[in-house]
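In: fold the following.
(one chain, ligands or ions: 1)
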Amino acid sequence: MAFYTVSNVENLRICVVMVGLPARGKSFIAQKIVRYLSWLSIKAKCFNVGNYRRKAGSGHPDAEFFDFNNKAAFKIRQKAAEAAAYDMMKWYEEENGVVAILDGTNTTRERRDWILKICRERAIEPMFLESWSDDTDMILRNISDVKTSSPDYEGVDPDVATSDFLERIAKYEQVYEPLDREKDKNLTYVKLINVAQEVVINRIQTYLESRVVFYVMNLHIRPRCIWLSRHGESVYNVEKKIGGDSCLSERGFQYAKKLPELVKQSAGDADLTIWTSTLIRTQQTAQDLPYKQLQWKALDELDAGVCDGMTYEEIEEKYPGDFKARDENKYEYRYPGGESYRDVVIRLEPIIMELERQENILIVTHQAVLRCIYAYFMNVPQEESPWMSIPLHTLIKLEPKAYGTEVTKIKANIPAVSTYKEKGTSRVGESTQDGTKYQNFLLSIPESKR
Ligand SMILES: Nc1ncnc2c1ncn2[C@@H]1O[C@H](COP(=O)(O)OP(=O)(O)OP(=O)(O)O)[C@@H](O)[C@H]1O
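Out: Now for the predicted structure:
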């Protein structure tokens, strides 16, 4: 039976067409939408026109290249847009794509009409997403954040790169036609003004489109960090049992005592809010943290249903079929009377949305839940995420950056059992994976921006 995380009963194919001057965060937003939808099992992919332009041999173009009167350059840029659109259409057809993002400036109405036409010919719903800003300080920050280190400016002095980039923007400004309430009243669009100070929404018609709109409305770009920790070692961990609502072990309490110091070391004087689950072990872990605390039912551990309170050995013995089925497809497998990883992702969606809205948050929760949250930030594929090793007594710091997330792991140096169970065995113990397998996911920087 088909099983959806976000309803797309209409079987829609959507093309999110980014619109806006350079350095308005279009790629940032595009990458985030792809990560969010992929996490929700919606097949999504970004097609970055700048990438195609570079492949077409534009090398290290200066601002003159972006002058709309420069006919030869304009041809290269047009070709790049066509190549991106071609690959995008191929992706819909050959890979059953659902949401493609055409990430380019698309600043003229002529260019947008062309995209509209090719989408309509193929029954793809176009949805324009414009990022508009007149906040000069923010634009300068964006340029120094990401543009001076772009492949376009490899080996160029950052000051020279900045002034050239400002000139590039000026070239685009000469022809820029922002989305307009009157002229574009028939289009489906969302316009973000100065991040999301003001949002204009027009003709959003489907549930999937409205999810995308809701998501982008909640994004902000203020610097912040998210800390993740599993609860301290619990009595059940020591007994190798899963589920339950047991207290911390003695070593778990030691971790709880040490956690405020670890957090202080990492966060300094930043003001945090602590989110825990409703289960005793996360609350005991957070009890000495001197910050505001909130409990979320959605952060409770994956429900093991009839297997709650059992060891993996007992499960293998009593439910061998289930034990095998879970190993074969851990993401989809649902414990009888309980949950699957996919179920956990669905209930975590409001948590992710709220995390996007918030600033500094420390989440104290459980192994499976942390895997799902970590997978969102690190773009870890579904089939891999349930197998990630997230050890006890370790504080993880996530620092969202322009095109990815930086991770720091801070070990408390308090021994704990390993609760990691590898595929094909019922034994728990140290993972033979040293984590390097997941290094690739740590910084999900789009190809165009590396
Ligand atoms: N809605 C927004 N408005 C303005 N800036 C934003 C927004 N969202 C993210 N940013 C910032 O934009 C920067 C990233 O710029 P990005 O490369 O995404 O711009 P771009 O519009 O894709 O530029 P280009 O057209 O040159 O590719 C980051 O520093 C990020 O913090």
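In: quick one: buried residues of stretch 56-72?
Out: Residues 58, 61-63, 65-67 are the ones in stretch 56-72 that count as buried (16 or more other CB atoms under 10 Å). C-beta coordinates here come from the backbone N, C-alpha and C atoms, glycine included.
In: run the chain-centre distance for it.
Out: Averaged C-alpha coordinates place stretch 56-72 at 32 Å from its chain's average position (CA atoms, centre = their mean, to the nearest Å).
In: quick one: is it near the ligand?
Out: No. Judged by CB under 6 Å from any ligand atom, stretch 56-72 stays clear of the ligand, getting no closer than 9.8 Å.
In: and whichever residue of the stretch 251-400 of the chain sits closest to the ligand, how many neighbours?
Out: Going by CB to the nearest ligand atom, the ligand is nearest to Pro400 of the stretch 251-400 of the chain, at 9.1 Å. Neighbour count of Pro400, defined by other CB atoms under 10 Å: 18.
In: ok, Trp275 next?
Out: So Trp275, with other CB under 10 Å, has 24 neighbours.
In: where does pLDDT dip in the chain?
Out: Counting by pLDDT under 70, the chain shows low-confidence ranges at 1-10, 430-450.
In: which residues are contacting stretch 330-343?
Out: Stretch 330-343 has contacts (CB atoms under 8 Å, 6 or more residues apart in numbering) with 3, 5, 41, 302-308, 319, 322, 325-326, 368, 371-372, 382-383, 385-387.
In: in ChimeraX, select just the buried ones from those.
Out: Only the buried entries of the contacts of stretch 330-343 go into this ChimeraX selection, using 16+ other CB under 10 Å:
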select :41,302,303,304,307,308,319,322,326,368,371,372,382,385,386,387
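In: Leu392 in helix, strand or coil?
Out: coil (DSSP: H, G, I helix; E, B strand; the rest coil).
In: the ligand contacts on this protein?
Out: Checking the chain against the ligand by CB under 6 Å from any ligand atom, the hits are 20, 22-29, 50, 105, 131, 133, 138, 142, 145-146, 192, 195, 221, 402.
In: please redo it, this time with the cut-off set to 5 Å
Out: Within the chain, the positions near the ligand by CB under 5 Å from any ligand atom are 22-28, 131, 133, 142, 145-146, 192, 195, 221, 402.
In: hang on, the earlier thing: can you tell me the element the residue of the stretch 251-400 of the chain closest to the ligand falls in?
Out: In the assignment (DSSP states H and E), Pro400 maps to strand 394-401.
In: other SSEs contacting that strand?
Out: Strand 394-401 sits against strand 226-230, helix 250-267, helix 367-378, strand 404-411, with contacts defined as 3 or more CB pairs under 8 Å, 6 or more residues apart in numbering; DSSP states H and E.
In: okay, these in CSV with distance to Gln78 next?
Out: Converted to CSV, the helices and strands packed on strand 394-401 look like this (distance: least, CB to CB, whole Å):
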stretch, distance to Gln78
strand 226-230, 41
helix 250-267, 49
helix 367-378, 36
strand 404-411, 30
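In: tell me the most buried of the ones you listed?
Out: Greatest average neighbour count among the helices and strands packed on strand 394-401 goes to strand 226-230 (a mean of 25), per mean count of other CB atoms under 10 Å.
In: can you tell me which helices and strands that strand packs against?
Out: So strand 226-230, by 3+ CB pairs under 8 Å, 6+ apart, packs with helix 250-267, strand 361-365, helix 367-378, strand 394-401.
In: next secondary structure element downstream of that strand?
Out: helix 235-238.
In: go through that next one and flag the buried ones.
Out: 236-238.
In: and what of stretch 286-301?
Out: So, applying 16+ other CB under 10 Å, buried residues of stretch 286-301: 286, 289, 291, 293, 295-296, 298-301.
In: farthest pair in the residues you listed?
Out: For those, the maximum inter-member distance is 22.5 Å, found between Tyr291 and Glu301 (CB to CB).
In: dump whichever strand or helix holds Val345 to PDB, keeping only the CA atoms.
Out: Val345 is located in helix 341-357, with elements delineated by DSSP H and E. Extracted in PDB, the C-alpha atoms of helix 341-357 (Å, rounded to 0.1, in the frame of the first residue of the first chain):
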ATOM      1  CA  TYR A 341      11.400   5.200  11.500                       C
ATOM      2  CA  ARG A 342       9.100   6.700   8.900                       C
ATOM      3  CA  ASP A 343       6.400   7.100  11.500                       C
ATOM      4  CA  VAL A 344       8.900   8.900  13.700                       C
ATOM      5  CA  VAL A 345       9.800  11.300  10.900                       C
ATOM      6  CA  ILE A 346       6.200  12.200  10.400                       C
ATOM      7  CA  ARG A 347       5.700  13.000  14.000                       C
ATOM      8  CA  LEU A 348       8.900  15.000  14.100                       C
ATOM      9  CA  GLU A 349       7.900  17.300  11.300                       C
ATOM     10  CA  PRO A 350       6.400  20.000  13.600                       C
ATOM     11  CA  ILE A 351       9.600  19.700  15.700                       C
ATOM     12  CA  ILE A 352      11.700  20.400  12.600                       C
ATOM     13  CA  MET A 353       9.500  23.300  11.600                       C
ATOM     14  CA  GLU A 354       9.800  24.800  15.100                       C
ATOM     15  CA  LEU A 355      13.500  24.200  15.100                       C
ATOM     16  CA  GLU A 356      13.800  26.300  11.900                       C
ATOM     17  CA  ARG A 357      11.900  29.100  13.600                       C
END
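In: off-centre distance for it?
Out: With CA atoms, centre = their mean as the basis, helix 341-357 stands 11 Å off its chain's centre.
In: stretch 81-98 too?
Out: Taking mean C-alpha positions (CA atoms, centre = their mean), stretch 81-98 and its chain are 22 Å apart.
In: quick one: contacts of that stretch?
Out: 8, 12-15, 37, 42-45, 47-49, 51-52, 55-56, 100, 102, 104, 111, 115, 118, 122, 124, 208.
In: tell me the domain ranges of this structure?
Out: Following automatic domain parsing, the chain resolves into domains at 14-217, 226-449.
In: give me the neighbour count for the residue in the chain that the ligand sits nearest to.
Out: In the chain, the residue that lies nearest the ligand is Gly25 (2.3 Å; CB to the nearest ligand atom). Gly25 sits with 22 neighbouring residues when counted by other CB under 10 Å.
In: just after the helix or strand hosting Lys75, pick out the following helix or strand.
Out: Following DSSP H and E, one finds Lys75 within helix 71-95. Scanning forward in sequence from helix 71-95 by DSSP H and E, the next helix or strand is strand 99-103.
In: show me what that next one is packed up against.
Out: Using 3+ CB pairs under 8 Å, 6+ apart as the test, strand 99-103 ends up in contact with strand 14-19, helix 26-39, strand 44-48, helix 49-53, helix 71-95.
In: go again using 6 Å as the cut-off
Out: In terms of contacts (3 or more CB pairs under 6 Å, 6 or more residues apart in numbering; DSSP states H and E), strand 99-103 is packed against strand 14-19, helix 26-39, strand 44-48.
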